[in-house]
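[1] sequence unavailable; structure follows:
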Ligand code: G3I
């Protein structure tokens, strides 16, 4: 594990911090010198996804939280294909370079997200119908991007979200042109470009048995045919109740049994009503009928104490489980730094007020933050 750099932000012993303005009565008192990263040091890396504002130095408060509390970073959007390789022969590394500099300066475990993903792809890639052309673009993309950060980016999400919910391969533009071997080919290309980087397959909804089985069969196949794959990334966009702790434990055990470590790569806990439950079997990604509906965004001003405590308990329970299985877990990364900037304010319904992270809209640590620091880690140290 890389050395963890600790700076002054959180070394205020016993600071009493008011979490939600000061109108809310949930108080978080910091009782020791631990940061999230130091608390779990030696067990797993502790990371946060950072947006462009943080990368470019335009959000100093978030940056302070990131560099003091975490020892790993992931770019929320800035290394995705549409931004970094917008045209066939045009690469734009301005923001990506700043991202990597920030991680190096703070001695962090730097994650690259994501090399091959059907979403946030450049326009020129969307409608390709020619295997040779597709292979050329993919090869050029992986070679150019991975080589540029060789020895600097520690882990790559090499392929992202390639599976359907039933465990079959998604019929993406990559699959359409290159067939099912595109996954192993991309892993081989990444290895060639940086043999030392940790190469990860990343996806969501691992709690669904069929999907998990499909992905883990692919992992086992890659391993048995000698393709370098170093881990599985479980995104972990969860809510207060689902998936259950038993389901999460099963994910950890099954990934471990497939022969690779697990990373929880995009952890956040939504506290808002789930629109999928409201529309029953009519599952659709278009929930615009709920926009502005106060039932779907019941906490526009602040999170009630009761829910704040539920969130804290949920995070505490999850981290207890992570510590129990820390020998199988490489990294835990939160998908964002503070609630105001979370993608969950706009997905799956636009314009809601969600509270999924550890820092509130005033950049203060929430009860959930404290509850994680209270997780006992001694038995593993
Ligand atoms: O770049 C445009 C900008 O030009 C425009 O002015 C602005 C106006 O809304 O939109 C910008 O694009 C946004 C983009 O993020 C970059 O900021 C999109 O609207 C927005 O939908 C997009 O959302 C991102 C989403 O991936 C796209 O699928 C989220 O920020 C990001 O958190 C999310 O992250 C994904 C992981 O990469 C993979 N796993 C799931 C996770 C959550 O969806």
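    Nice, I can see it. Quick caveat, the model's predicted, so the values are computed rather than measured.
[2] next to the ligand, which bits of the stretch 1-150 of the chain? Give me the list.
    76, 77, 119, 120 (Cβ under 6 Å from any ligand atom). Glycine gets a C-beta too; all of them are placed from N, C-alpha and C.
[3] any part of stretch 172-182 near the ligand?
    No: using Cβ under 6 Å from any ligand atom, stretch 172-182 stays clear of the ligand, coming no nearer than 13.9 Å.
[4] what are the buried residues along that stretch?
    Neighbour counts using 16 or more other Cβ atoms under 10 Å place 172, 173, 174, 175, 177, 178, 182 of stretch 172-182 among the buried residues.
[5] cool, stretch 356-370 as well?
    Those would be 356-361, 363-370, for stretch 356-370 by 16+ other Cβ under 10 Å.
[6] so what's the residue count around the residue of the stretch 251-381 of the chain found nearest the ligand?
    Residue nearest to the ligand within the stretch 251-381 of the chain (Cβ to the nearest ligand atom): residue 343, separated by 3.6 Å. By the measure other Cβ atoms under 10 Å, the count of residues near residue 343 is 17.
[7] and it, what is it in contact with?
    76, 335, 336 (Cβ atoms under 8 Å, 6 or more residues apart in numbering).
[8] reformat the residues you listed as CSV; add distance to residue 248 and neighbour count.
    Shown next, in CSV, are these (distance: Cβ to Cβ, whole Å; neighbours: other Cβ atoms under 10 Å):
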residue, distance to residue 248, neighbour count
76, 23, 23
335, 16, 22
336, 20, 26
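[9] and residue 155, how close does it get to residue 106?
    According to Cβ to Cβ, to the nearest Å, residue 155 stands 16 Å off from residue 106.
[10] related to what we said a few turns ago, dump the buried residues of stretch 356-370 to CSV, plus secondary structure.
    Shown next, in CSV, are the buried residues of stretch 356-370 (DSSP: H, G, I helix; E, B strand; the rest coil):
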residue, secondary structure
356, coil
357, coil
358, coil
359, strand
360, coil
361, coil
363, coil
364, coil
365, strand
366, coil
367, helix
368, helix
369, helix
370, helix
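[11] how close does residue 58 sit to residue 50?
    Residue 58 is 12 Å from residue 50, by Cβ to Cβ.
[12] how near is residue 206 to the ligand?
    13 Å (Cβ to the nearest ligand atom, to the nearest Å).
[13] cool, and residue 105?
    Taking Cβ to the nearest ligand atom, one finds residue 105 at 24 Å from the ligand.
[14] about what we covered before: the ligand: which of the buried residues of stretch 172-182 is nearest?
    When the buried residues of stretch 172-182 are compared against the ligand (criterion: Cβ to the nearest ligand atom), the nearest one is residue 172, at 13.9 Å.
[15] please name the nearest non-neighbouring residue to the closest one.
    Of all residues not flanking residue 172 in the chain, residue 118 sits nearest, at 3.8 Å (Cβ to Cβ, 6 or more residues apart in numbering).
[16] quick one: that neighbour and residue 171 touch, right?
    No: at 9.3 Å, residue 118 and residue 171 do not qualify as touching, with contact defined as Cβ atoms under 8 Å.
[17] ok, back up a step: which of the residues of the stretch 1-150 of the chain next to the ligand are buried?
    76, 77.
[18] sorry, back to before: between residue 118 and residue 171, which one's more packed in?
    residue 118 (18 against 10).
[19] so who does the more buried one touch?
    161, 170, 172, 173, 174.
[20] I'd like to know how far it sits from residue 126.
    Where residue 126 is concerned, residue 118 sits at a distance of 9 Å (Cβ to Cβ).
[21] and if you look at residue 43?
    41 Å.
[22] which secondary structure element is home to residue 119?
    According to DSSP states H and E, residue 119 maps onto no helix or strand at all.
[23] gap between it and residue 137?
    16 Å.
[24] thinking again about what came up before, what's the closest of the contacts of residue 118 to residue 374?
    Closest approach between the contacts of residue 118 and residue 374, by Cβ to Cβ: residue 161, at 33.8 Å.
[25] hang on, the earlier thing: and the buried residues of stretch 356-370, which two are the farthest apart?
    361 and 370 (17.3 Å).
[26] so residue 155 and residue 106 - more neighbours on which side?
    The residue with more neighbours, out of residue 155 and residue 106, is residue 155; 25 against 18, by other Cβ under 10 Å.
[27] so what's the more buried one scoring on pLDDT?
    Per-residue pLDDT puts residue 155 at 99.
[28] mind listing what it touches?
    109, 110, 111, 112, 197, 198, 199, 200, 230, 231, 263, 331.
[29] I'd like to know how far it sits from residue 229.
    In terms of Cβ to Cβ, residue 155 sits 12 Å off from residue 229.
[30] and for these two, which residues touch both?
    Taking Cβ under 8 Å, 6+ apart as the criterion, residue 155 and residue 229 both touch 199, 200.
[31] low pLDDT regions in this structure?
    1-32, 278-285, 379-381 (pLDDT under 70).
[32] what are the boundaries of the helices in it?
    With DSSP state H applied, the chain shows helices at 36-39, 52-55, 60-69, 81-84, 94-105, 123-126, 131-148, 173-178, 182-193, 209-224, 245-257, 275-278, 305-324, 367-373, listed in chain order.
[33] point out the most buried one among the ones you listed.
    helix 367-373 (a mean of 23; mean count of other Cβ atoms under 10 Å).
[34] for that helix, packing partners?
    strand 27-29, helix 36-39, helix 305-324 (3 or more Cβ pairs under 8 Å, 6 or more residues apart in numbering; DSSP states H and E).
[35] what do you get if the cut-off is 7 Å, keeping everything else the same?
    Secondary-structure packing of helix 367-373 (3 or more Cβ pairs under 7 Å, 6 or more residues apart in numbering; DSSP states H and E): strand 27-29, helix 305-324.
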